[in-house]
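*Asks:* this one's sequence-less:
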């Protein structure tokens with residue numbers, strides 16, 4: 001019963017938020033201007049073609065330009081009609097061509113290793129040295145000089161490669177300790193710790209022996225000069241194996257970039273992918289460091305440059321990084337030959353002088369594409 005003096009009021013429906021005051025949904029630039037699949041493919045193919053053209057040009061420059069001026073026609077004759085009695089022909093065929101091939105292969109290895117380590121750690125500032133590759137190679141090279149009396153580049157190769165391999169294994173074992181196993185964070189922390197320890201041991205040895213310091217400093221600067229064909233022969237199979245593993249792991253890396261859980265749901269083994277990645281990085285960076293010494297900034301800068309046209313797809317990013325690494329290393333080597341004629345500036349120094357400002361420019365201009 002409802003009393004006469006009481007009137008039941010109808011329940012008002014909940015008030016909806018006016019459209020004019022609702023919180024707008026953020027719209028990204030990619031959503032406003034989606035890139036058509038065909039346009040993206042054309043951009044990627046165009047970038048690869050331009051990189052191939054740049055690589056051919058850098059190879060020709062590397063053969064034609066050097067500390068010793070040689071006319072272009074003489075260089076051409078040495079390539080197509082070699083004469084073993086002419087000094088210029090000997091310089092071109094026995095020195096410049098092997099040096100160019102070495103720079104081509106080592107640059108590709110460093111570019112691939114840089115793209116791999118940034119993908120596995122999801123760290124845009126990572127380079128192959130984060131796994132202790134450079135520190136491990138340097139330590140065993142110093143041990144080889146100090147204990148075993150090794151004095152030539154061919155002897156350094158095996159010590160450097162063994163040191164890089166042992167350091168990478170140690171980093172992975174330390175990073176895998178614990179429940180979560182090897183993660184990008186634990187690998188980075190383990191790499192920093194191992195690198196610091198090995199660098200301290202290396203410094204201790206070279207400080208107590210001047211002869212070891214004199215021999216070591218020429219290797220540590222990073223150079224393509226003074227390496228004959230036998231040095232490349234000893235490491236090329238390791239580099240080839242690392243490149244094959246890297247290219248084959250591209251689909252798994254694409255899944256891993258979405259997160260470990262997503263990669264598992266897509267049927268990929270995160271542990272196996274990470275182990276294969278460590279193996280590939282060790283083979284590539286270890287072999288390159290063994291052949292030419294530690295060369296910085298190739299593995300750090302190259303992946304950021306190629307992401308501007310390949311995007312985050314590792315099926316395109318890895319080949320483009322290999323080509324760009326070769327271009328950058330050969331170009332730096334050519335610049336080092338001509339800036340201080342008749343002397344020569346080592347490619348490791350050239351890339352450090354050019355790479356650091358260029359990387360800062362990339363960061364300031366916000367050209368680094370997110371991983």
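*Replies:* Yep, that arrived. A quick note: this is a predicted structure, and the numbers were derived from the prediction, not measured. Residues are numbered from 1 along each chain as shown.

*Asks:* Please, where are all the helices along the stretch 101-250 of the chain?
*Replies:* For the stretch 101-250 of the chain, the helices defined by DSSP state H, counting those that start in this stretch occupy 133-148, 153-176, 184-208, 210-220, 229-248, 250-256.

*Asks:* Show me what whatever helix or strand comes next after the shortest one is packed against.
*Replies:* Meaning helix 250-256. Counting by DSSP states H and E, the next helix or strand C-terminal to helix 250-256 is helix 260-265. For helix 260-265, the packing partners by 3 or more CB pairs under 8 Å, 6 or more residues apart in numbering; DSSP states H and E come out as helix 250-256, helix 270-292. C-betas here are computed from N, CA, C, even on glycine.

*Asks:* List the buried residues for the shortest one?
*Replies:* If I follow you right, that is helix 250-256. In terms of neighbour count (16 or more other CB atoms under 10 Å), helix 250-256 has its buried residues at 250, 252, 253, 254, 255, 256.

*Asks:* Equivalent analysis for stretch 122-133, please.
*Replies:* By neighbour count on 16+ other CB under 10 Å, the buried set for stretch 122-133 is 122, 123, 124, 126, 127, 128, 129, 130, 131, 132, 133.

*Asks:* what pLDDT, on average, does stretch 184-204 get?
*Replies:* Averaging pLDDT along stretch 184-204 yields 91.

*Asks:* And the contacts of it?
*Replies:* Applying CB atoms under 8 Å, 6 or more residues apart in numbering, the contact partners of stretch 184-204 are 120-123, 126, 129-132, 134-136, 138-139, 142, 163, 167, 170-172, 174-178, 180.

*Asks:* what's the burial count for residue 52?
*Replies:* 12 (other CB atoms under 10 Å).

*Asks:* quick revisit: looking at the helices and strands packed on helix 260-265, spot the one closest to residue 44.
*Replies:* Among those, helix 250-256 comes nearest to residue 44, with 13.5 Å by CB to CB.

*Asks:* Give me the average confidence score over that closest one.
*Replies:* For helix 250-256, the mean per-residue pLDDT is 92.

*Asks:* same thing with stretch 75-94?
*Replies:* Stretch 75-94 comes out at a mean pLDDT of 89.

*Asks:* Just the terminal-to-terminal distance for it.
*Replies:* 12 Å (CA to CA, to the nearest Å).

*Asks:* And stretch 336-353, by the same measure?
*Replies:* Using CA to CA, one end of stretch 336-353 lies 11 Å from the other.

*Asks:* which residues sit in contact with the spatially closest residue to residue 229 that is not a sequence neighbour?
*Replies:* Spatially, and ignoring its direct neighbours in sequence, residue 229 is nearest to residue 98 (4.8 Å; CB to CB, 6 or more residues apart in numbering). Going by CB under 8 Å, 6+ apart, residue 98 touches 227, 228, 229, 232.

*Asks:* again, only using 10 Å
*Replies:* By CB atoms under 10 Å, 6 or more residues apart in numbering, residue 98 lies in contact with 224, 227, 228, 229, 230, 231, 232.

*Asks:* contacting residues around the last one?
*Replies:* This points to residue 232. Contacts of residue 232 by CB under 10 Å, 6+ apart are 98, 99, 101, 102, 105, 106, 157, 239, 287, 291, 292.
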